[in-house]
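coords below, sequence missing:
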C-alpha cells in the first residue's frame, strides 16, 4: 500500500499515512488531531540497473534527429 506524506498547517508536523491510492486525496487528520492538513509531493526512488549500454553508432536504433530518424529526409 502506498505511503503519502502530509503536513499539518496548524502545528507544522509532517507525518505519513499508508492508504489505498483511491483515498490519496481524502482529508487526513494529523496525529495531534488537527484537521487542517495538506498532502505533500514526495520523491520516488526508482531502482534499476546502474547503467544501460548505449547503442553503437550506426548499429540501427535511429539517429537522424527526429523520432529515430524516420521522419527526416
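Structure's in. What do you need? These numbers come from a predicted model, not from an experiment.

C-alpha only now, for contacts and for neighbours.
Will do.

Counting neighbours, which bits of stretch 24-41 end up buried?
With burial defined by 16 or more other Cα atoms under 10 Å, the residues of stretch 24-41 counted as buried are 24, 28-30, 37-39.

helix/strand/coil for residue 4?
Under DSSP: H, G, I helix; E, B strand; the rest coil, residue 4 falls in the strand class.

residues near it, how many?
Here the number of neighbours of residue 4 (other Cα atoms under 10 Å) works out to 18.

That one against residue 24, yeah?
Yes: at 7.2 Å, residue 4 counts as touching residue 24 under the criterion of Cα atoms under 8 Å.

separation between residue 43 and residue 3?
As judged by Cα to Cα, to the nearest Å, residue 43 and residue 3 stand 11 Å apart.

Show me which of these two is the more surrounded one.
Set residue 43 next to residue 3 and count neighbours by other Cα under 10 Å: residue 3 wins out with 13 against 6.

show me where pLDDT drops low in the protein?
Low-confidence segments of the chain, defined by pLDDT under 70, are located at 44-46, 48-73.

so where do the strands sit in it?
3-8, 14-18, 37-39 (DSSP state E).

so which of those gets nearest residue 47?
Distance to residue 47, taken as Cα to Cα, is lowest for strand 3-8 among these, at 17.4 Å.

so what strands line up beside the closest one?
Neighbouring strands of strand 3-8 in its sheet, by DSSP bridges, are strand 14-18 (antiparallel), strand 37-39 (antiparallel).

export those strands to CSV and tack on distance to residue 47?
Conversion of the strands paired with strand 3-8 to CSV gives the following (distance: least, Cα to Cα, whole Å):
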stretch, distance to residue 47
strand 14-18, 21
strand 37-39, 24
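
right, and those strands - which one's nearest residue 8?
Distances from residue 8 to each of the strands paired with strand 3-8 were compared using Cα to Cα; the minimum, 4.3 Å, belongs to strand 37-39.
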